[in-house]
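K.L.:
Generate a structure from the sequence data that follows.
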Amino acid sequence: MKAVGARLPRYDGVGHVTGRTQYVDDVRVGRTLWVKALRSPHHHAAITKLDTAKAEAMEGVYAVITHKDVSRNVYGHLEGLGVPGDEPLLADGEARYKGQPIAAIAAESEEAAQAAVEAIEIAYDERPAPFDIR
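P.N.:
Sure thing, here's the model as predicted:
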C-alpha cells in the first residue's frame, strides 16, 4: 500500500482549474425541453387570478402545468411513517412561501420557457406572513 500517506497526483486537477472538464450541466442532449417555473414573489398570498392562455399559445411552448394538471399535488417526506402529506408540488390557490412554484413551463428553448413564464397573468392578495407556529 504505497498510496497510504503518500502525495498522489490529481490528474483531473488541471482540467478543473482550466475549465476543460465537462460536467453534467455542460452536456446538452438534443431534442430535450427546457423547464422554467413561475414562482411566488410573496411570503404568503392568496392567488386570486392565474391565466395561462397566453403562455400556452406561444410558439415553442409544449406544456404549461399548474396544480390542476397534477393528479397527486400534495405530498410529504414522512408519508411512509404515517405522517400525512402537507406540501403541494404546485401552489393551489395560496402561496405559502417566497419562491414556491405555481406553474411549470416546458418549451423548446430556455428563452421560450422564460418568455412563457413572463406571459402568465397572475394576481395575488398578499397576506401577512406567519412567523409564529401558533
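
K.L.:
Please enumerate the helices of this structure.
P.N.:
Under the criterion DSSP state H, the chain contains helices at 13-18, 53-57, 110-119.

K.L.:
hmm, who's touching the shortest one?
P.N.:
Residues outside helix 53-57 that contact it (Cβ atoms under 8 Å, 6 or more residues apart in numbering): 61, 64, 103, 105, 116-117, 119-121. No exception for glycine: its C-beta is placed from N, CA and C like everyone else's.

K.L.:
Then the first one?
P.N.:
Counting by Cβ under 8 Å, 6+ apart, helix 13-18 makes contact with 20-21, all of which sit outside it.

K.L.:
got it, and the longest one?
P.N.:
With contacts defined as Cβ under 8 Å, 6+ apart, helix 110-119 is touched by 33-38, 54-55, 58-61, 64, 103, 105-107.

K.L.:
Can you lay out the contacts of helix 53-57 as CSV showing neighbour count, pLDDT and distance to His16?
P.N.:
CSV is the format used below for the contacts of helix 53-57 (neighbours: other Cβ atoms under 10 Å; pLDDT from 0 to 100; distance: Cβ to Cβ, whole Å):
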residue, neighbour count, pLDDT, distance to His16
Val61, 22, 98, 37
Val64, 23, 98, 39
Ala103, 22, 98, 37
Ile105, 28, 98, 34
Ala116, 27, 98, 36
Val117, 19, 98, 34
Ala119, 19, 98, 40
Ile120, 19, 98, 40
Glu121, 11, 98, 45
